[in-house]
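Peer 1: Output the structure for:
(2 chains)
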2 protein chains.
Amino acid sequence: MPTPSELSRAETWRLLLLVGAGLSVLVNTFQGDGAPLIASAALASISFAVAFSMIRWLGPVFIKAGLKGKDMAKPRKPEIPETMGAVCAVVYLISMIVFIPFAFYKDIVAATSGGGNRDVVIGDPHVETGRFLHRFPHGKLALYLSGLLSLQSVVILGIGDDLLDIRWRHKVLIPAFASIPMLIVYFVDFGVTHVVVPVPLQPYIGAFIDLGWLYYVYMAAVAIFCPNAINMLAGINGIEVAQSLVIAILLLFNDALYLAPFTPYPHPATDSHLFSIYFLLPFIGVSAALLCHNWYPSKVFVGDTYCYFAGMVFAVVGILGHFSKTLLLLFVPQIFNFLYSTPQLFHIIPCPRHRLPRFQPSTGLLDTSMTEWTVPPSPLIATGLDLLHTLRLIRIVKNQEGQIVESTNLTILNLWLVWMGPMREDRLAWHMVGVQILCGLFGLFVRHRLALLVFNVDNRTFESVV
Amino acid sequence: MPTPSELSRAETWRLLLLVGAGLSVLVNTFQGDGAPLIASAALASISFAVAFSMIRWLGPVFIKAGLKGKDMAKPRKPEIPETMGAVCAVVYLISMIVFIPFAFYKDIVAATSGGGNRDVVIGDPHVETGRFLHRFPHGKLALYLSGLLSLQSVVILGIGDDLLDIRWRHKVLIPAFASIPMLIVYFVDFGVTHVVVPVPLQPYIGAFIDLGWLYYVYMAAVAIFCPNAINMLAGINGIEVAQSLVIAILLLFNDALYLAPFTPYPHPATDSHLFSIYFLLPFIGVSAALLCHNWYPSKVFVGDTYCYFAGMVFAVVGILGHFSKTLLLLFVPQIFNFLYSTPQLFHIIPCPRHRLPRFQPSTGLLDTSMTEWTVPPSPLIATGLDLLHTLRLIRIVKNQEGQIVESTNLTILNLWLVWMGPMREDRLAWHMVGVQILCGLFGLFVRHRLALLVFNVDNRTFESVV
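Peer 2: Below is the predicted model of the structure:
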């Protein structure tokens, strides 16, 4: 019998097989014309195997170092390793760094006359028009590296948060700091701040509008929102990783729509969607590995590091790939969760430190967690709460005098339990995965079909122009 | 009276003044033609102030998080915060990221026709010859970013080491992993692997030799050596930071020799030495701030993170600035310390976990620490040890049968104590600073004067050609 921190023999063989297959594909692509897409998929499978093993092996080391937490939604409240997202993130970053020659190798061969000075051989074919997305390889390399820098920054600050327990108000700004490298390189290297104006407004302000520095504020807002949104929709086994995996796979699906068999090549947006695929494939690899250990019943916790890291991966691909609006359409459950939480965030309703659903030891199910009103709410707020209770958007408990003494915490998880009644932890996680998939698919449908109502043309040139 | 984790009123005012001065200089350079050198110096002084305050403020937070250690060389063995190098490193990295627009802003204005497509306007003046050091701005940006990526990697892995207490054998390889981004971008973007052959060998193998992949092995070796060398010359208050500061200032001095008043402009190596200065100035800022807290008697420890981080800064500037041989000349005490340690590293002589000098409570001075021979050494090794004892390179203790039972640990600190006798901790640190300065100045003299014996010309074109 292997101990809990060892791989079983079957696991060892399967993972070795996966790594072997990945490595042989990798070596082959490097010898051929360096097909980066295949290399990226191979690296993703190797990352899965490495992350899977490392998370297993490092469990006792993390516990010894004090990186551990209690799982409150289990009868015995077992203590398990925490911050395992950091392991994922490190494996991901190494894999993204190893990938650099595969992504840019062909450009080197094409752009240099064999290792010499490459400034002289760049001709017109490299100067593309369209959406200014295909660029000189150096420019692409700098963007790629700036994305990595932002991800590394968020990992460093996330580990700091997990270790030092930073205050809520300061935490929110961690992704803002981490997005600085990406935004600065965008400014230095790219600097496109024009956006397409929706058709109904075009007669008034023209087809394009230059947002200038407001565009940087917008990008910073996206970068702050994504990581914090994932960090807020948390609290039950597997939910952080599962929602991230769903979003990543839907983004991958959206990217695939811009590749050769689905869209005529060369499409001006192909490169930026390839860029996105390169960032997403290894992310899916390491996240799947983490989910194996983090799904109900969890053997490890992911830590804030993972939430920031995952959100930042999405922000990087959305911003540098120029589809941040599409990205936000995939965050509908997170946006709802954020808006629904605002009364507690702004302390209109009392906000305890943890708002995760409450475990009922008698049934083994999760039920809504409540916030206590030590002072009864003002008449105005009480009326509002009564209304929301009637609309089944919260549940309130009153004392004999009719004063509100408890109301449910305002998270999407608690709301779901208000609607569906108590359920087991993994069932709730599955339901959330379902919600995320449905909302995401609807979002993509809106993006590619309904957007034609307000924009001239879907940028996939797939549908006929209206 | 301020508590130990607060700034005194005088400190607050001085630091605010420094930050204010730095900020106003910074704003001015950005409005003018963006003189990057002045901006870098301003950022360095701001970094000093921020790092100084953060280290003071975060002390209790670090201790609460378990990041603490005992100072064994003090009578009461006080417990003080550990891993403060991580704070330095984060401040440094943010300052280096903020610096990007200052370093590359002028290039943008020059290279684009005002925010448009810049591939078309690059003319011949940008294609320099010389040592292929001045390049397209994008290429320089990618190199700069790759240096930052390597530094961030070493910080992430260093924090992991400080937290998880990684084994000695694995630790050594941390800088190897961290150097991957730099080497890969060098490969993708630069790829110069030719080195100048010394004159006596030129008739046989030509003026240049292409080392090919061996050059990458060499660069990786430099990147592994520098961080570990600094990590090995450690163990007394302030020594890690003080030696790093000396090396950084000597490198800065060497870089300054290539700038305008000292060398005719434009010199082909000017750009790479500017690159080095940009990396060194903020490093000196944060290191000086750390030294204020870490000098005898220490209020904080620096942690392995600082040693790796400092060594990696040197590796980055030496490798990307193309003066790795000069760099190694400044590491003479570290190289000696490494070679002197080898018998213990390879377990020819027993090696305890810690080899730092021993505190004598009776006198308050430091004396040599000893390693015990539980089994007496073999006759061959005993003869060797006797010889070294006679040469005053170690000190041995024999029992009544004439068997060696103890010998001094093989570090440069212990050797110095063998030579000079017991001394107070800060005096030993000052002596080491002196050794470092003298060896470094001699190294630079060798570099710029004696190198003419084996190379045709000093690359400063400052002396007349032999």
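Peer 1: Just give the number of residues close to whatever residue of the stretch 251-400 of chain A ends up closest to chain B.
Peer 2: Using C-beta to the nearest C-beta, the single residue of the stretch 251-400 of chain A nearest to chain B is residue A:305, 10.5 Å away. Backbone N, C-alpha and C define where each C-beta goes, glycine included. Other residues within reach of residue A:305 by the criterion other C-beta atoms under 10 Å in any protein chain shown amount to 26.
Peer 1: I figured it hits residue A:86, correct?
Peer 2: Yes. Applying C-beta atoms under 8 Å as the test, residue A:305 and residue A:86 come out as touching, 4.7 Å apart.
Peer 1: what's the overlap in contacts for these two?
Peer 2: A:155, A:158, A:159, A:162 (C-beta atoms under 8 Å, 6 or more residues apart in numbering or on different chains).
Peer 1: what's the closest non-adjacent residue to residue A:229?
Peer 2: On the basis of C-beta to C-beta, 6 or more residues apart in numbering or on different chains, the spatially nearest residue to residue A:229 that is not a chain neighbour turns out to be residue A:334, at 3.7 Å.
Peer 1: picking that back up, report the entries of the shared contacts of residue A:305 and residue A:86 that also contact chain B.
Peer 2: With respect to chain B, and counting by C-beta under 8 Å from any C-beta of the partner chain, the subset of the shared contacts of residue A:305 and residue A:86 in contact is A:155, A:159.
Peer 1: can you tell me which of the shared contacts of residue A:305 and residue A:86 are in helices?
Peer 2: Filtering those for membership in helices, criterion DSSP state H, returns A:155, A:158, A:159, A:162.
Peer 1: Which residues are in contact with the second one?
Peer 2: Yep, that's residue A:158 we're talking about. Residues near residue A:158 by C-beta under 8 Å, 6+ apart: A:85, A:86, A:89, A:174, A:303, A:304, A:305, A:306, A:307, A:308, A:309.
Peer 1: roughly how far apart are it and residue A:82?
Peer 2: In this view, residue A:158 and residue A:82 are 12 Å apart by C-beta to C-beta, to the nearest Å.
Peer 1: Mutual contacts of these two, please.
Peer 2: Shared between the contact lists of residue A:158 and residue A:82 (criterion: C-beta under 8 Å, 6+ apart) are residues residue A:303.
Peer 1: Mean pLDDT per helix and strand in chain A: which one sits at the bottom?
Peer 2: Least confident helix or strand of chain A, by mean pLDDT, DSSP states H and E, is helix A:100-111 with a mean of 64.
Peer 1: Test my guess that residue A:216 contacts residue A:187.
Peer 2: Yes. Distance between residue A:216 and residue A:187: 7.0 Å, which falls inside the contact criterion (C-beta under 8 Å).
Peer 1: In terms of neighbours, single out the busier of these two.
Peer 2: Per other C-beta under 10 Å, whichever of residue A:216 and residue A:187 has more neighbours is residue A:187, with 19 against 16.
Peer 1: Correct me if wrong: residue A:61 contacts residue B:164.
Peer 2: Yes. Under the criterion of C-beta under 8 Å, residue A:61 lies in contact with residue B:164, with a separation of 5.2 Å.
Peer 1: could you pull out the strands for chain A?
Peer 2: A:68-70, A:79-81, A:194-196, A:208-210, A:358-360, A:365-367, A:370-372, A:396-398, A:404-408 (DSSP state E).
Peer 1: And those, which one averages the lowest pLDDT?
Peer 2: With a mean of 77, strand A:194-196 has the lowest mean pLDDT of those.
Peer 1: what helices or strands is it leaning on?
Peer 2: Here strand A:194-196 is seen to pack against strand A:208-210 when contacts are counted using 3 or more C-beta pairs under 8 Å, 6 or more residues apart in numbering or on different chains; DSSP states H and E.
Peer 1: Off-centre distance for the strand it packs on?
Peer 2: In this view, strand A:208-210 has its centroid 29 Å away from the chain centroid, taken as C-alpha atoms, centre = their mean, to the nearest Å.
Peer 1: Same question for it: list its buried residues.
Peer 2: Neighbour counts using 16 or more other C-beta atoms under 10 Å in any protein chain shown place residue A:209 of strand A:208-210 among the buried residues.
Peer 1: residues in contact with it?
Peer 2: When contacts are taken as C-beta under 8 Å, 6+ apart, the neighbours of strand A:208-210 outside the stretch itself are A:193, A:194, A:195, A:196, A:197.
Peer 1: quick one: the third one from residue B:363, how far?
Peer 2: Right, residue A:195. Remark: distance between residue A:195 and residue B:363 (C-beta to C-beta) = 73 Å.
Peer 1: For these two, indicate the residue with more neighbours.
Peer 2: Set side by side, residue A:195 and residue B:363 give different neighbour counts by other C-beta under 10 Å, the larger being at residue A:195 (15 against 11).
Peer 1: right, and the residue nearest to residue A:229 touches residue A:231 too?
Peer 2: No. In terms of C-beta under 8 Å, residue A:334 does not count as a neighbour of residue A:231; the distance is 9.7 Å.
Peer 1: Could you provide the shared contacts of residue A:305 and residue A:86 in TSV, with additional columns for pLDDT?
Peer 2: As requested, the shared contacts of residue A:305 and residue A:86 are arranged in TSV below (pLDDT from 0 to 100):
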residue	pLDDT
A:155	94
A:158	92
A:159	91
A:162	89
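Peer 1: So which of the shared contacts of residue A:305 and residue A:86 is the closest to residue A:241?
Peer 2: Of all the shared contacts of residue A:305 and residue A:86, residue A:158 has the smallest distance to residue A:241: 14.7 Å, by C-beta to C-beta.
Peer 1: hang on, the earlier thing: what number of residues lie near the residue nearest to residue A:229?
Peer 2: As a measure of burial, residue A:334 has 24 neighbours, counting by other C-beta under 10 Å.
Peer 1: Just the pLDDT at it, thanks.
Peer 2: Spelled out, the predicted local distance difference test score at residue A:334 is 96.
Peer 1: which ones are touching it?
Peer 2: A:229, A:230, A:232, A:233, A:243.
Peer 1: quick one: contacts for the fourth one?
Peer 2: Counting by C-beta under 8 Å, 6+ apart, residue A:233 makes contact with A:239, A:240, A:243, A:333, A:334, A:337, A:411, A:412, A:413, A:432.
Peer 1: Weed out the non-buried ones from these.
Peer 2: Members of the contacts of residue A:233 that pass the buried threshold by neighbour count (16+ other C-beta under 10 Å) are listed as A:239, A:240, A:243, A:333, A:334, A:337, A:411, A:412, A:413, A:432.
Peer 1: any idea which of those residues is closest to residue A:377?
Peer 2: For residue A:377, the nearest member of the buried ones among the contacts of residue A:233 is residue A:411. The distance, counting by C-beta to C-beta, is 19.1 Å.
Peer 1: Just confirm the closest one contacts residue A:338, I think it does.
Peer 2: No. Under the criterion of C-beta under 8 Å, residue A:411 lies out of contact with residue A:338, with a separation of 9.9 Å.
Peer 1: Residues in contact with both of the two, list them for me.
Peer 2: With C-beta under 8 Å, 6+ apart, residue A:411 and residue A:338 have common neighbours residue A:232.
Peer 1: Pull the number of nearby residues for whatever residue of the stretch 151-300 of chain A ends up closest to chain B.
Peer 2: Minimum separation of the stretch 151-300 of chain A from chain B (C-beta to the nearest C-beta) falls at residue A:152, amounting to 4.1 Å. A count of nearby residues for residue A:152, using other C-beta under 10 Å, gives 28.
Peer 1: Over to residue A:310?
Peer 2: Counted with other C-beta under 10 Å, the neighbours of residue A:310 add up to 31.
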